[in-house]
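**Q** here is a sequence with its predicted model. Questions after.
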Amino acid sequence: MNSWQLGDVRIDRVLEFEQPLLAPEVLFPAIRPDIVEAQRGWLEPGFLDPVSGLLVLAFHSFVITTPQTVVLVDTCSGNDRERPRKPRYHRRSWPYLANLDGAGVAPEAVDRVLCTHLHVDHVGWNTRLVGGVWVPTFPNARYLFSRREWEFWERHYRTEDFADDPYHEDSITPVMRAGQADLVADDHVIDRWVRLEPSPGHTPGHVCVRVRSGGREAVMSGDLMHHPLQCGAPELNSCFCVDADGARATRRAFLETQAENDALVMPAHFATPSAGRVRAHGDAFRFAFCGEA
Ligand SMILES: [Zn+2]
């Protein structure tokens, strides 16, 4: 469990799972061997597994506790899902709620749930299976979805791409049906300390979550980048990016800005300790991991 304190705001990481998962050329189809070789020294063993050669990826949420609001950012892949086409999400029973409890957060205490975007691994714990019915995991929360993001996926969920993997039906529709969803602008303000920032590219309505307190900043950057090796090669898109040019432009601009303002950057899939600062390195960047602040 990682925890960071910024002025009046505490941020806790809640893990679903972390493991060597994907070969570099699977997650990043345009990668060349020399890109991996140039960064192997700073990535092994925690972020690039020297035995298997696989990228280590984490699936976690961040809980932001301000003096007014408890905000849960990204909800991983969830339990009890029928995902026969995606074995890593299929019929799982991760100890996620126990880990949330370990961070001192009861589901009833969460005021806002924010999905940086609506891919399958960012909406799972929106719901859980109770008596054969999918119900919102966080009974007192408003679930915030970018209106732009929802309008894009609502059209795509109806296409045949999703015919045999309709994850929205178990992870998003039940929240809508319960009347707990709010479609918000990409720059929505949650409270004095927490606001959304548009970061389109990976998906059209992808948002980051900016926290400011005590003269310091943190930002949950979702899937704007998936792995620290993209700091050294910001042009690399994942195989999941919807808009290739937009994703590249947003990523480079984001890295330049965070290197200047010294924000604590908290991506959705960086392995333990998951947060750090972006440092300029030649014509690209490095990620200086920071397990507490
Ligand atoms: Zn993701």
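**A** Perfect, thanks for sending it.

**Q** go through the helix or strand of the chain with the lowest mean pLDDT and flag the buried ones.
**A** Within the chain, no helix or strand scores below helix 147-157, which has a mean of 92 by mean pLDDT, DSSP states H and E. The neighbour-count check on helix 147-157 (16 or more other Cβ atoms under 10 Å) flags 148-150, 152-153, 157 as buried. Quick note: C-beta positions are derived from backbone N, CA and C, even for glycine.

**Q** mean confidence score for the next helix or strand after that helix?
**A** Next helix or strand after helix 147-157 toward the C-terminus (DSSP states H and E): helix 167-171. Helix 167-171 comes out with an average pLDDT of 94.

**Q** one step back: what is the distance between the least confident helix or strand of the chain and the centre of its chain?
**A** Distance of helix 147-157 from its chain centroid, counting by Cα atoms, centre = their mean, to the nearest Å, is 18 Å.

**Q** same for that helix, what does it pack against?
**A** Helices and strands touching helix 147-157, by 3 or more Cβ pairs under 8 Å, 6 or more residues apart in numbering; DSSP states H and E, are strand 181-184.

**Q** run the chain-centre distance for the strand it packs on.
**A** Distance, stretch centre to chain centre, for strand 181-184: 18 Å (Cα atoms, centre = their mean).

**Q** mind checking the SS state of Val26?
**A** helix (DSSP: H, G, I helix; E, B strand; the rest coil).

**Q** now whichever strand in the chain runs longest: buried residues?
**A** As assigned by DSSP state E, the longest strand anywhere in the chain is strand 9-22. Applying a neighbour-count criterion of 16+ other Cβ under 10 Å, one finds 9-18, 20-22 buried in strand 9-22.

**Q** show me which of these neighbour the ion.
**A** Filtering the buried residues of strand 9-22 for proximity to the ion by Cβ under 5 Å from the ion leaves nothing.

**Q** up against the ion, what does the protein have?
**A** Proximity of the chain to the ion (Cβ under 5 Å from the ion) is limited to residues 121, 223.

**Q** how about low-confidence regions in the chain?
**A** In the predicted model of the chain, residues 1, 292-293 satisfy pLDDT under 70.

**Q** how about the helices in it?
**A** 24-27, 33-43, 96-102, 147-157, 167-171, 173-177, 229-232, 244-261 (DSSP state H).

**Q** next, count neighbours for Asp273.
**A** In this structure residue 273 is Pro, not Asp. 15 (other Cβ atoms under 10 Å).

**Q** please report the distance of it from Leu129.
**A** Separation of Pro273 from Leu129 (Cβ to Cβ, to the nearest Å): 32 Å.

**Q** repeat for Lys86
**A** According to Cβ to Cβ, Lys86 stands 17 Å off from Leu129.

**Q** quick check: phi and psi on the most far-flung residue of the chain relative to its centre?
**A** In terms of distance from the mean C-alpha position of the chain, Gly131 ranks first, at 28.7 Å (Cα atoms, centre = their mean). Backbone torsions for Gly131, taken as degrees, to the nearest 10, come to phi 60, psi 40.

**Q** what's the closest non-adjacent residue to the closest residue to the ion within the stretch 151-293 of the chain?
**A** The minimum distance from the stretch 151-293 of the chain to the ion, using Cβ to the ion, falls at Asp223 (4.4 Å). Closest residue to Asp223 apart from its sequence neighbours, by Cβ to Cβ, 6 or more residues apart in numbering: His202 at 4.8 Å.

**Q** now for that neighbour: which residues touch it?
**A** By Cβ atoms under 8 Å, 6 or more residues apart in numbering, His202 lies in contact with 117, 222-224, 238, 240-243, 247, 250.

**Q** and if we set it to 7 Å?
**A** Applying Cβ atoms under 7 Å, 6 or more residues apart in numbering, we find His202 in contact with 117, 223-224, 241-242, 247.

**Q** can you put the residues you listed in JSON lines and add neighbour count?
**A** Output for those, formatted as JSON lines (neighbours: other Cβ atoms under 10 Å):
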{"residue": "His117", "neighbour count": "27"}
{"residue": "Asp223", "neighbour count": "23"}
{"residue": "Leu224", "neighbour count": "27"}
{"residue": "Cys241", "neighbour count": "22"}
{"residue": "Val242", "neighbour count": "18"}
{"residue": "Ala247", "neighbour count": "25"}
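
**Q** which two among those residues are spaced furthest apart?
**A** Between any two of the contacts of His202, the greatest separation by Cβ to Cβ is 12.5 Å, found for Leu224 and Val242.
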